[in-house]
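Novice: give the three-dimensional model of this entry:
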Amino acid sequence: MARVGAAGEDFGTPFACTLDYDLVWQARTAAWRISEPWIEEILSQGLGNLRGLTEEQRDRRAALGAHVLTFGAIVRQGISDHWPTKDIFGAESRKAPDQ
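Specialist: Reported below is the predicted structural model:
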């Protein structure tokens, strides 16, 4: 699975779409379920507030935080992995007239 936010990825182009409420709710729930143990680990190690952390502690927090998944990350990943591409539309136009 490709990682969202990889180097060279363009997040500057505006994009708008309407998402079904149930889909949004499921994505938010998934983000919380995936992230909850990682957030708890960050907090249990006293790494919740960056202020006053040593460089080593910041690195540890960043490593744990890399596993935290936001709603936006789930949406970007879904769009990246499943959004129709020009190839799909091109395949439609290449169908035989009787199909």
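
Novice: show the pLDDT at the most centrally placed residue in the chain.
Specialist: The structure's the chain has its C-alpha centroid closest to residue 73; by Cα atoms, centre = their mean the separation is 1.8 Å. pLDDT, residue 73: 85.

Novice: and the helix or strand where it lies, how far from the chain's centre?
Specialist: Per DSSP states H and E, residue 73 falls inside helix 71-82. Mean-position distance between helix 71-82 and its chain equals 5 Å (Cα atoms, centre = their mean, to the nearest Å).

Novice: who's in contact with stretch 40-57?
Specialist: 58, 60, 61, 64, 65, 68 (Cβ atoms under 8 Å, 6 or more residues apart in numbering). C-beta here means a position set from N, CA and C on the backbone, and glycine is covered the same way.

Novice: ok, the last one to residue 13 distance?
Specialist: It refers to residue 68. Counting by Cβ to Cβ, to the nearest Å, the separation of residue 68 from residue 13 is 25 Å.

Novice: more neighbours, those two?
Specialist: residue 68 (16 against 5; other Cβ atoms under 10 Å).

Novice: can you list the buried residues in the one helix or strand residue 31 maps to?
Specialist: Following DSSP H and E, one finds residue 31 within helix 21-44. Across helix 21-44, burial judged by 16 or more other Cβ atoms under 10 Å covers 27, 31, 35, 38, 41, 42.

Novice: what is the nearest of those to residue 81?
Specialist: residue 27 (13.3 Å; Cβ to Cβ).

Novice: contacting residues around the closest one?
Specialist: With Cβ under 8 Å, 6+ apart, residue 27 has these contacts: 71, 74, 75, 78.

Novice: any idea how far residue 51 is from the residue nearest to the second one when sequence neighbours are not counted?
Specialist: Meaning residue 74. The shortest distance from residue 74 to any non-neighbouring residue, by Cβ to Cβ, 6 or more residues apart in numbering, is to residue 27 (4.6 Å). When distance is defined by Cβ to Cβ, residue 27 is 31 Å away from residue 51.
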